[in-house]
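Visitor: no FASTA, just this:
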């Protein structure tokens, strides 16, 4: 089958296929799929009989080739149909199957057709938008305290401005990203998660309008010092795809997170902050915002 490389130019053609899909994992954001498609992880697609199939491969490795669940304007395909698709298209594995798919079907039937493998590193953290806007209660007291410290030192002294990211801001955002990455040696290992994330963010910033993503930047003393970029995942949920700030400015990360919730996701019930990749520090940070749920990810290997 002739799968086509997934690129920014395909967004308008493919976005309607994602409308109404019920999946809560962040990978089912088309903007995110396009942004992360690179030399390290290649995504490609095939349109067939009104169904969109998206394939992924790590480093172009044949052994790592897989599909994600097919999308077709909200239709959920049965396990038997999934088997038919992978056999017909020459694959053996689905990855990034959200746990709510498993809940729709009989577990015994699934296990008769596939070997099921939990992908713990790809379980997403999901939050109530209202929680991240209001930050009420003792569980958010540390966040409120850090925002108060930041506000006293910077916001109340008129040293801060918050702006929607527009085309004219891209160069300043890219300059900030270069400084942020230089401080973390993002470019030392081109295959590292930080290096790949940098390239995905650059692609998103340069195509923010084409990908229908939204973002904010925060200037401190006139310089871009933080940014956040999000996209819509489904009818109730947005994904905070990227969130960067200079950690040396105390409380800036917490202020950024609160502003993203207010400005990017106010009309949505949930915010998905993606997974922790089994990185301990990242997991601790994500847990500190008190997620209301974790969405597990599974791989289905054809028996």
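Guide: Yep, that arrived. Bear in mind the structure is a predicted one, so any value in this text is a computation, not a measurement.
Visitor: Just to check, residue 76 is in contact with residue 101?
Guide: Yes: with contact defined as CB atoms under 8 Å, residue 76 counts as touching residue 101 (7.2 Å). (Each C-beta comes from the backbone N, C-alpha and C, glycine too.)
Visitor: Give me the more crowded residue out of these two.
Guide: residue 101 (21 against 16; other CB atoms under 10 Å).
Visitor: quick one, strands of the protein?
Guide: 4-5, 41-48, 51-58, 66-67, 93-98, 114-118, 124-128, 160-164, 214-220, 223-232, 237-245, 270-272, 293-295, 297-302 (DSSP state E).
Visitor: what's around residue 145, how many residues?
Guide: 12.
Visitor: swap in residue 171?
Guide: Neighbours around residue 171, by other CB under 10 Å: 11.
Visitor: Distance check, it against residue 177.
Guide: 11 Å (CB to CB, to the nearest Å).
Visitor: same check, this time on residue 202
Guide: The value you get for residue 202 to residue 177, if CB to CB is used, is 7 Å.
Visitor: ok, now residue 279?
Guide: On the measure of CB to CB, residue 279 and residue 177 end up 20 Å apart.
Visitor: do the same with residue 140
Guide: 28 Å.
Visitor: With residue 88 instead?
Guide: From residue 88 to residue 177 the distance is 42 Å (CB to CB).
Visitor: Could you pull out the buried residues of stretch 17-33?
Guide: 17-18, 21, 23-33 (16 or more other CB atoms under 10 Å).
Visitor: likewise stretch 73-90?
Guide: 76-77, 79, 82-83, 85-86.
Visitor: Now that stretch: average pLDDT?
Guide: Across stretch 73-90, the average pLDDT comes to 96.
Visitor: One more: stretch 260-273?
Guide: Mean predicted confidence for stretch 260-273 is 97.
Visitor: isn't residue 52 right up against residue 68?
Guide: No: if you go by CB under 8 Å, residue 52 and residue 68 don't touch, sitting 10.0 Å apart.
Visitor: what's near enough to touch residue 143?
Guide: Going by CB atoms under 8 Å, 6 or more residues apart in numbering, residue 143 touches 135, 254, 257-258, 288-289.
Visitor: Just the buried subset of these, written out for ChimeraX, thanks.
Guide: Per 16+ other CB under 10 Å, the buried members of the contacts of residue 143 correspond to this ChimeraX selection:
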select :135,254,257,258,289
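Visitor: any chance of the contacts of residue 143 in CSV, plus distance to residue 45?
Guide: Listed next are the contacts of residue 143 as CSV, based on distance: CB to CB, whole Å:
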residue, distance to residue 45
135, 40
254, 38
257, 33
258, 36
288, 37
289, 33
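Visitor: Taking the contacts of residue 143 together, which two end up most distant?
Guide: Using CB to CB, the contacts of residue 143 span at most 13.4 Å, a distance reached by 258 and 288.
Visitor: Next one: the closest residue to residue 148 other than its chain neighbours, what pLDDT does it get?
Guide: Spatial nearest neighbour of residue 148, excluding adjacent residues (CB to CB, 6 or more residues apart in numbering): residue 251 at 7.7 Å. pLDDT, residue 251: 98.
Visitor: I figured residue 251 hits residue 144, correct?
Guide: No: Residue 251 lies out of contact with residue 144 (CB under 8 Å); the separation is 10.1 Å.
Visitor: Out of the strands of the chain, which gets nearest to residue 150?
Guide: strand 160-164 (8.2 Å).
Visitor: mind listing the helices for the stretch 1-150 of the chain?
Guide: 11-14, 30-36, 79-89, 99-104, 107-113, 129-134, 141-150 (DSSP state H, counting those that start in this stretch).
Visitor: what's near enough to touch residue 218?
Guide: By CB under 8 Å, 6+ apart, the neighbours of residue 218 are 160-162, 224-227, 245, 252, 255-256, 259.
Visitor: If any of those residues are buried, put those into a ChimeraX selection.
Guide: Applying 16+ other CB under 10 Å to these leaves a buried subset, and the ChimeraX line that selects it is:
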select :160,162,224,225,226,227,245,252,255,256,259
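Visitor: between the contacts of residue 218, which is nearest residue 2?
Guide: Distances from residue 2 to these, taken by CB to CB, are shortest for residue 227, at 37.7 Å.
Visitor: low-scoring stretches of the stretch 151-300 of the chain, by residue?
Guide: 187-192 (pLDDT under 70).
Visitor: Would you reformat the buried residues of stretch 17-33 as JSON lines and include distance to residue 283 and pLDDT?
Guide: Shown next, in JSON lines, are the buried residues of stretch 17-33 (distance: CB to CB, whole Å; pLDDT from 0 to 100):
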{"residue": "17", "distance to residue 283": "32", "pLDDT": "97"}
{"residue": "18", "distance to residue 283": "28", "pLDDT": "96"}
{"residue": "21", "distance to residue 283": "27", "pLDDT": "94"}
{"residue": "23", "distance to residue 283": "22", "pLDDT": "95"}
{"residue": "24", "distance to residue 283": "18", "pLDDT": "93"}
{"residue": "25", "distance to residue 283": "17", "pLDDT": "97"}
{"residue": "26", "distance to residue 283": "16", "pLDDT": "96"}
{"residue": "27", "distance to residue 283": "18", "pLDDT": "95"}
{"residue": "28", "distance to residue 283": "22", "pLDDT": "96"}
{"residue": "29", "distance to residue 283": "21", "pLDDT": "95"}
{"residue": "30", "distance to residue 283": "27", "pLDDT": "96"}
{"residue": "31", "distance to residue 283": "25", "pLDDT": "96"}
{"residue": "32", "distance to residue 283": "20", "pLDDT": "94"}
{"residue": "33", "distance to residue 283": "24", "pLDDT": "95"}
